[in-house]
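Enquirer: Take a look and give me a structure for this.
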Amino acid sequence: MYDRLYQETVILFNRETSALKIRFEMAKEMRNHLEILPNIGYIQARSQFQAQLKFLPRKSLAEDAPKYFDPETCVLEAPIIIWVAKHNKAVEFAVHAVVTTSDLQFSVQTIDFGHCTIHESVRSCIQLINKSLLPQDFGFVDLPPYVSVQPNDGFGIILPLETLNLDVLFQPHAAKEYNFQLVCKTLINRNFCLQGKGIGVRPPLELSHQKIIFKETALYDESEAVIYVVSSLTYEQKEINALFRRTGKNEAAPVGHASFEFVVPQGVPIKISPAVGTVEPEKSYFLFFFSPLSVVHCDMLNIRNLFFLKLFLFGSIICPHDDDDVKKDERKL
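Expert: Predicted coordinates:
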């Protein structure tokens, strides 16, 4: 990898009965990337000599040594000559290496989560790309408490030239604007940053639960369920605070009643009573009627207010047949 130090030991043997003086020589184009210490020395008779070969490839390698480095294949072949005193023929050997980058790259530069209520989390899918020819260990460190990365909590190994799909989850804790930075650190202590932002929203209404499961219902029959739409403030809070901040840096909105409307997707056999209304700082209840008339489609129900609240409805249809068999068809509304 570029900007990483690699070392190897070069051992020379002297078979003669007298000491020899040696000198290492390399191409001047490689002097900024390759070094041998010591480059001059003596080998005693019938003994050996050790030199340290240090290889520190820099990103200017392709420009400095185009004769020895192929940027397309990333292969380096640099010759080194050993001159021996009183010998006309030099000893040659070559340094071979495959040089690659250690860069990791995100598919986006900034993640914008938009508006998100304090009762839910928003997911954004990103890609992490390994530009290296080597596998790399990585991990997202020092994450703010309202952000998480999955899978494996943002830690893992990415293979050479692999692209990983990651999920970034944003769950605000307060109604304000969030600006943060995600730091992905590799095992060689390189940091790759990703900017993120979002706006926390406190909706004026809350649902008592996010999922309703109706009992098994025959065709053209009805079953009902109860759900509570709750105001986020009580009468005591209303008396204490005249204004209440709901989103970002916007001006605080006056507290009090909140109007709503239930929006049922087209073709879904659901009746709501009442479908439109106003909630004071106290609980109100509503009846949901499930009346299967035909094949239904998967969808979700929204409560229209300043920001959507999502509610998932599940029901079972029982279709009687002439042979008294009962067929059950599970549907998600």
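
Enquirer: Below-threshold pLDDT in the stretch 51-200 of the chain: ranges please.
Expert: Under the criterion pLDDT under 70, no range of the stretch 51-200 of the chain is flagged.

Enquirer: same thing with the stretch 201-333 of the chain?
Expert: Low-confidence segments of the stretch 201-333 of the chain, defined by pLDDT under 70: 232-256, 281-333.

Enquirer: what sits against residue 109?
Expert: Residue 109 makes contacts with 194, 195, as judged by CB atoms under 8 Å, 6 or more residues apart in numbering. Backbone N, C-alpha and C define where each C-beta goes, glycine included.

Enquirer: Tell me the spacing between it and residue 227.
Expert: 42 Å (CB to CB, to the nearest Å).

Enquirer: Show me how this structure divides into domains.
Expert: 6-98, 104-201, 205-332 (automatic domain parsing).

Enquirer: Nearest spatial neighbour of residue 73, chain-adjacent residues omitted?
Expert: residue 98 (8.0 Å; CB to CB, 6 or more residues apart in numbering).

Enquirer: One more: residue 145?
Expert: Nearest non-adjacent residue to residue 145 (CB to CB, 6+ apart): residue 173, at 7.4 Å.

Enquirer: Just give me the neighbour total for the one you found.
Expert: By other CB atoms under 10 Å, the residues close to residue 173 number 11.

Enquirer: Tell me if it really is in a helix.
Expert: No. Under DSSP: H, G, I helix; E, B strand; the rest coil, residue 173 falls outside any helix and is assigned coil.

Enquirer: for it, what are its contacts?
Expert: Contacts of residue 173 (CB under 8 Å, 6+ apart): 118, 145, 146, 200.

Enquirer: isn't the last one right next to residue 179, touching?
Expert: No. With the criterion set as CB atoms under 8 Å, residue 200 and residue 179 do not qualify as a contacting pair; they are 11.8 Å apart.

Enquirer: Between the two, tell me which one has more neighbours.
Expert: residue 200 (22 against 8).

Enquirer: follow-up on the earlier one: redo the contacts of residue 173 as JSON lines? Include distance to residue 58 and secondary structure.
Expert: Converted to JSON lines, the contacts of residue 173 look like this (distance: CB to CB, whole Å; DSSP: H, G, I helix; E, B strand; the rest coil):
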{"residue": "118", "distance to residue 58": "49", "secondary structure": "coil"}
{"residue": "145", "distance to residue 58": "40", "secondary structure": "coil"}
{"residue": "146", "distance to residue 58": "40", "secondary structure": "coil"}
{"residue": "200", "distance to residue 58": "45", "secondary structure": "strand"}
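
Enquirer: Fine by me, thanks again.
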